[in-house]
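Novice: okay, predicted coordinates and the sequence, questions at the end:
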Amino acid sequence: MNIERVGVVGAGLMGSGIIEQTARCGFTVVAREVDDRALEGGKKRLQSSMGRALERGKITGAERDEALGRITWTTDLNDLRDCDLVVEAIVENLELKKQLFAALDRLTRPEVILASNTSSVSITALGAATSRPEKVAGAHFFNPVPVMGLVELVRGLLTSDETMDQLRRFGEALNKKVVIARDTPGFIVNLLLVPYLLGAVRAVETNMASVEDIDTAMKLGTGVPMGPLTLLDFVGLDTTLYIADVMYEEFKDPMYAAPPLLRKMVNAGLHGKKNGRGFYDYRDAR
Ligand code: NAD
């Protein structure tokens, strides 16, 4: 099947980026949010992201306008009825995602692929909520979606080769490098990244070095663009804790056990850059 019309459910941090990149790459997009307020939030995020792309010379004004013209915004799930592919990017909650997949299964044509951007929910479990598990897969993008060059495709236990091939072509059409992971918690990137981030939190917890020195050491010592504690602030301490808990629950390996400091910071509302404070203070920059 030729993919032309793509539904994106959820226009939060990730969904708005997926909507933007999909529209910029020539697809028609139907973007769905729960209510008008959330829809407006998604539009604003997308417009400011496109504004930055324009300032940096990544797109022209005409390209931006054409991309915006390809997006239809809606709060009605029924408007996704004619989509050739649906990408789900709603909150990380298994029950809500299962309900949505069941609804999309009833709504869309049987051959339509239903993909999830989840970081930790089992793709096989989402497939089981539908009558088409062979058409259900993961498409795990990275924030900010228009900038980051990777999409991890995740193969559920019953996902077909054809579905993976079609999704690979879609990922490449979005100018992303495609990697394929099995349906295990964390896939490739978080499986390796989360223990590293938790290790950095433990280093702070045990006063091994200052936050700044841990970041500087890892940044300059390993040639990565930012240190682990800055990265944690960008990803979100709450998001990282959630993923670590899912991974620990699955593997029961202490490597994935969240250090008490991380849980305390999340409980105290220090979620990182998105709400102004994490390992660093961003309140003045807001
Ligand atoms: P977010 O909270 O910014 O956005 C979620 C959005 O989903 C909200 O705007 C909410 O209103 C909307 N929503 C909830 N239920 C909905 C429904 N039934 N229909 C339509 N919209 C609905 O979250 P996010 O950070 O964008 O994460 C979304 C997904 O992407 C999660 O599964 C997360 O694990 C995954 N993810 C996140 C990151 C990251 O860095 N934040 C990276 C990769 C993947």
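Specialist: Nice, I can see it.

Novice: got the residues of the stretch 151-286 of the chain near the ligand?
Specialist: 235-236, 239 (C-beta under 6 Å from any ligand atom). Heads up, the C-betas are built off the backbone N, CA and C, glycines and all.

Novice: in ChimeraX, select just the buried ones from those residues.
Specialist: Those of those that count as buried under 16 or more other C-beta atoms under 10 Å are selected in ChimeraX with:
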select :235,236,239
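
Novice: what sits against the closest residue to the ligand within the chain?
Specialist: Of all residues in the chain, Gly12 sits closest to the ligand, at 1.8 Å by C-beta to the nearest ligand atom. Residues near Gly12 by C-beta atoms under 8 Å, 6 or more residues apart in numbering: 38, 41-42, 89-91.

Novice: make a markdown table from the residues you listed and add secondary structure, neighbour count and distance to the ligand to it.
Specialist: Listed next are the contacts of Gly12 as a markdown table, based on DSSP: H, G, I helix; E, B strand; the rest coil; neighbours: other C-beta atoms under 10 Å; distance: C-beta to the nearest ligand atom, whole Å:
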| residue | secondary structure | neighbour count | distance to the ligand |
| --- | --- | --- | --- |
| Ala38 | helix | 16 | 4 |
| Gly41 | helix | 16 | 6 |
| Gly42 | helix | 26 | 6 |
| Ala89 | coil | 26 | 5 |
| Ile90 | coil | 21 | 4 |
| Val91 | coil | 9 | 5 |
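
Novice: any idea where the strands of the chain begin and end?
Specialist: 5-9, 28-32, 71-74, 85-88, 113-116, 136-141, 150-155, 177-182 (DSSP state E).

Novice: what's the least confident helix or strand in the chain by mean pLDDT in contact with?
Specialist: Least confident helix or strand, the chain: helix 237-251 with a mean of 93, by mean pLDDT, DSSP states H and E. The contact list for helix 237-251, computed with C-beta under 8 Å, 6+ apart, reads 92, 119-121, 184-186, 190-191, 194, 197-198, 232, 256-258, 262-263, 265-266, 270-272, 278.

Novice: before we move on, what about stretch 37-44?
Specialist: So stretch 37-44 is in contact with 11-12, 15-16, 19, 31, 33, 73-75, going by C-beta under 8 Å, 6+ apart.

Novice: among those residues, find the lowest-pLDDT one for me.
Specialist: Here the lowest pLDDT out of the contacts of stretch 37-44 sits on Gly12, with 94.

Novice: on that earlier part again, ok, of the contacts of stretch 37-44, which one's closest to Asn175?
Specialist: Ile19 (15.3 Å; C-beta to C-beta).

Novice: how many residues are close by the closest one?
Specialist: 32 (other C-beta atoms under 10 Å).

Novice: picking up where we left off before, of the contacts of stretch 37-44 - the most surrounded one?
Specialist: Neighbour-wise, the contacts of stretch 37-44 (other C-beta under 10 Å) top out at Ile19, 32 neighbours.

Novice: so it sits against Val8, correct?
Specialist: Yes: contact criterion C-beta atoms under 8 Å: Ile19 and Val8 qualify, at 4.9 Å.

Novice: what sits against the nearest residue to Arg182 once chain neighbours are set aside?
Specialist: In space, and not counting its chain neighbours, Arg182 is closest to Arg155: 6.0 Å by C-beta to C-beta, 6 or more residues apart in numbering. If you count contacts by C-beta under 8 Å, 6+ apart, Arg155 has them with 123, 137-138, 164, 180-183.

Novice: which residue ranges make up each domain of this protein?
Specialist: 5-182, 189-275 (automatic domain parsing).

Novice: most tightly packed of these?
Specialist: domain 5-182 (a mean of 19; mean count of other C-beta atoms under 10 Å).

Novice: related to what we said a few turns ago, need the overlap of contacts for Ile19 and Val8.
Specialist: 29, 31.

Novice: thanks again, I'm all set now.
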